[in-house]
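> only the shape, not the letters, is given here:
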């Protein structure tokens, strides 16, 4: 669907821009040298948004109403309730979402493969798509698997660093 929306020639966005007389705003959203990585980031954000919002809503529902009521009775403003009650009580939910985002950005594969194929000139390629390309397109199995292993280790290290720094701030 995103290819049909962002395609430079027949995409919905460029079609709408041309239809309302804004031909100069029609861009090469995917497959170009400037906007491809940003388009992939927007697609990934849209893909993950519902899942992450659902996790946040579940975390918000776990906060007891009595605690929020007590803060209101004590004279806390809306912002103070969010800052001093809601955010601290959602720390584990925020940590879960952060880990999902950190590990998720290292797993972006299908979006790149379906929209740009890693092009142009490897501009929108990720470690995972590069690993796939080396392993299955170039038949360089050792190199491709070593890239996959390094990707895993980077993801593991960043997740570990996040937990170390988030524990220190508590």
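Everything's here; your move. Quantities reported herein were computed from a predicted structural model and do not represent experimental measurements.
> excluding its backbone neighbours, what's nearest residue 35?
Distances taken as C-beta to C-beta, 6 or more residues apart in numbering put residue 29 closest to residue 35, at 5.3 Å, once the chain neighbours are dropped. C-betas here are computed from N, CA, C, even on glycine.
> quick one: the residue nearest the centre of the chain from residue 65, how far?
Central residue of the chain (C-alpha atoms, centre = their mean): residue 45, 4.5 Å from the mean position. Separation of residue 45 from residue 65 (C-beta to C-beta, to the nearest Å): 31 Å.
> ok, the residue nearest to the centre of the chain to residue 168 distance?
Residue 45 is 29 Å from residue 168, where distance means C-beta to C-beta.
> and the helix or strand hosting residue 57, which residues are buried?
Using DSSP states H and E, residue 57 falls within helix 36-61. Buried positions in helix 36-61, judged by neighbour count with 16 or more other C-beta atoms under 10 Å: 36, 37, 39, 40, 43, 44, 59.
> then stretch 159-170?
Quick answer for stretch 159-170 (16+ other C-beta under 10 Å): residue 159.
> centre of the chain to that stretch, how far?
20 Å (C-alpha atoms, centre = their mean, to the nearest Å).
> quick one: the closest residue to residue 105 other than its chain neighbours from residue 103, how far?
Nearest residue to residue 105, sequence neighbours excluded (C-beta to C-beta, 6+ apart): residue 44, at 7.6 Å. Distance, residue 44 to residue 103, using C-beta to C-beta: 13 Å.
> could you do residue 124 as well?
Taking C-beta to C-beta, one finds residue 124 at 20 Å from residue 103.
> circling back: tell me which other helices or strands the helix holding residue 57 touches.
Judged by 3 or more C-beta pairs under 8 Å, 6 or more residues apart in numbering; DSSP states H and E, helix 36-61 is in contact with helix 2-6, helix 91-105, helix 110-115.
> again, 7 Å this time
Secondary-structure packing of helix 36-61 (3 or more C-beta pairs under 7 Å, 6 or more residues apart in numbering; DSSP states H and E): helix 91-105, helix 110-115.
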